[in-house]
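>>> Mind folding the following:
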Amino acid sequence: MPPFQEHGVGELTLSSWPPLGFTPTERELLRARDDPWRAGIPRQLVNRQSVAQVLLTTVVPLERGEAVLAAQWARSQRFFAPNAHGEHDPMLLLETFWQGAVAVAHIQLGVDNAAELVLRELEFAIDDHTLLAVGPNPANLVIRTRLRALRWRGSELRRAQIDARVWRGGRCIGVGTCAFSCFDAGFAERLRGRAHAGATHLPECAPLDVAPAIGRLAAEDVLLCRCHAAGPGRRFRWSLRIDANHPALFDGERDVVSAIGLAEAARQAAQLSLGEHAVRRFRVRRLKLHYNDAVPVGRAVPLSCEPVRGGRQVMIGSGDDPAVTARFDLESRE
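Take a look at the predicted model:
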């Protein structure tokens with residue numbers, strides 16, 4: 001994977017890019033549409049099959065690789081349910097951010113709809129949890145983005161990085177950055193084939209009966225099972241269990257697990273490792289994700305979690321170079 005690590009979210013602080021202030025960003029949106037949150041953008045621009053999965057409502061390209069976007073979160077969702085604090089699930093920030101990156105790639109960089117965008121690294125920091133509170137109306141968000149670190153092969157995009165700042169009601173929720181690669185359909189197919197090579201099928205394995213403990217509504221939303229279970233030492237260990245028919249994690253035919261699916265599995269493992277009262281103790285302050293390889297659906301993939309200073313680290317995959325590494329910095333203290 002390209003060394004994107006030097007472009008972490010630490011470069012984005014509330015005193016740096018973009019300038020403080022909500023009014024100019026809102027004005028840019030209102031020039032494009034009287035009500036920027038009226039309807040979702042075309043689903044093809046965020047690589048979705050269902051319009052119900054589209055969170056973005058407006059994209060306005062600006063100069064110098066910048067753009068301003070509008071997004072809306074419903075008061076309640078089937079999968080990203082509000083947490084025990086009465087707040088929108090912070091994983092919605094990840095999904096919204098990634099949809100924004102995909103839309104910007106298509107609109108501003110001319111990436112073809114047949115190409116495949118692969119998330120390589122994502123990091124975001126939440127500055128104000130009170131702005132995640134579920135209110136009497138849907139949450140209307142404004143997102144300011146900036147493209148950088150573009151890499152091209154001829155006229156085709158190969159990789160890029162996008163920075164973002166997210167506002168709600170004129171106040172900043174937080175900042176983030178993500179790096180992604182772009183492949184043509186043939187190369188993406190070969191990558192998926194490599195992920196399947198040598199992988200073993202996951203034995204029949206029921207999900208852990210922990211849905212309420214991790215803030216999920218149904219057993220099918222639990223993405224962990226006990227096939228590789230170990231504990232209760234320093235490192236907790238389970239197996240990844242994801243149903244390709246899951247309505248929120250798979251939108252169309254896929255044979256590899258989506259980036260949001262892997263992030264959610266990591267979140268569940270980190271939360272479960274907190275033990276009793278985890279749903280109240282788990283408040284994400286910062287999340288760092290590194291995607292090194294594709295993870296095939298329905299294959300035996302171990303998942304482990306261990307305590308680190310200030311939070312939890314989760315690894316999906318075996319060996320010294322796991323497919324996914326996730327670091328959760330938490331507000332709670334043990």
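>>> For this protein, which residue occupies the most central location?
residue 94 (3.1 Å; C-alpha atoms, centre = their mean).
>>> now that residue, what's its secondary structure?
Under DSSP: H, G, I helix; E, B strand; the rest coil, the three-state class of residue 94 is helix.
>>> now the helices for the stretch 201-334 of the chain?
Using DSSP state H, counting those that start in this stretch, the helices of the stretch 201-334 of the chain run over 259-272, 278-281.
>>> Please work out which of those helices is packed deepest.
Greatest average neighbour count among the helices of the stretch 201-334 of the chain goes to helix 259-272 (a mean of 24), per mean count of other C-beta atoms under 10 Å. C-beta coordinates here come from the backbone N, C-alpha and C atoms, glycine included.
>>> separation between the closest residue to the residue nearest to the centre of the chain other than its chain neighbours and residue 276?
Among residues not flanking residue 94 along the chain, residue 263 sits closest, at 5.7 Å (C-beta to C-beta, 6 or more residues apart in numbering). Distance, residue 263 to residue 276, by C-beta to C-beta, to the nearest Å: 24 Å.
>>> Over to residue 56?
According to C-beta to C-beta, residue 56 stands 38 Å off from residue 276.
>>> isn't the residue nearest to residue 94 right next to residue 289, touching?
Yes. With contacts defined as C-beta atoms under 8 Å, residue 263 counts as touching residue 289 at a distance of 5.8 Å.
>>> what's the overlap in contacts for those two?
Counting by C-beta atoms under 8 Å, 6 or more residues apart in numbering, the shared contacts of residue 263 and residue 289 are 94, 122, 326.
>>> which one of the residues you listed is nearest residue 135?
residue 94 (21.0 Å; C-beta to C-beta).
>>> Could you pull up the residues touching that closest one?
122, 124, 260, 263, 287, 289.
>>> can you check residue 159 too?
Contacts of residue 159 by C-beta under 8 Å, 6+ apart are 2, 120, 149-151, 179-182.
>>> what bridges to it?
The partner list for residue 159 in beta bridges (DSSP bridges) reads residue 151, residue 181.
>>> Tell me how far it lies from residue 44.
Residue 159 is 22 Å from residue 44, where distance means C-beta to C-beta.
>>> Which residues in stretch 130-150 does the neighbour count mark as buried?
131-132, 134, 139-147 (16 or more other C-beta atoms under 10 Å).
>>> go on, stretch 69-87?
If you call a residue buried by 16+ other C-beta under 10 Å, then stretch 69-87 has these buried ones: 69-73, 77, 79-80, 82-83, 87.
>>> quick one: which of those sit in strands?
69-73 (DSSP state E).
>>> can you tell me which two in those are farthest apart?
Maximum distance among these (C-beta to C-beta): 13.4 Å, for 69 and 73.
>>> Many thanks, have a good one.
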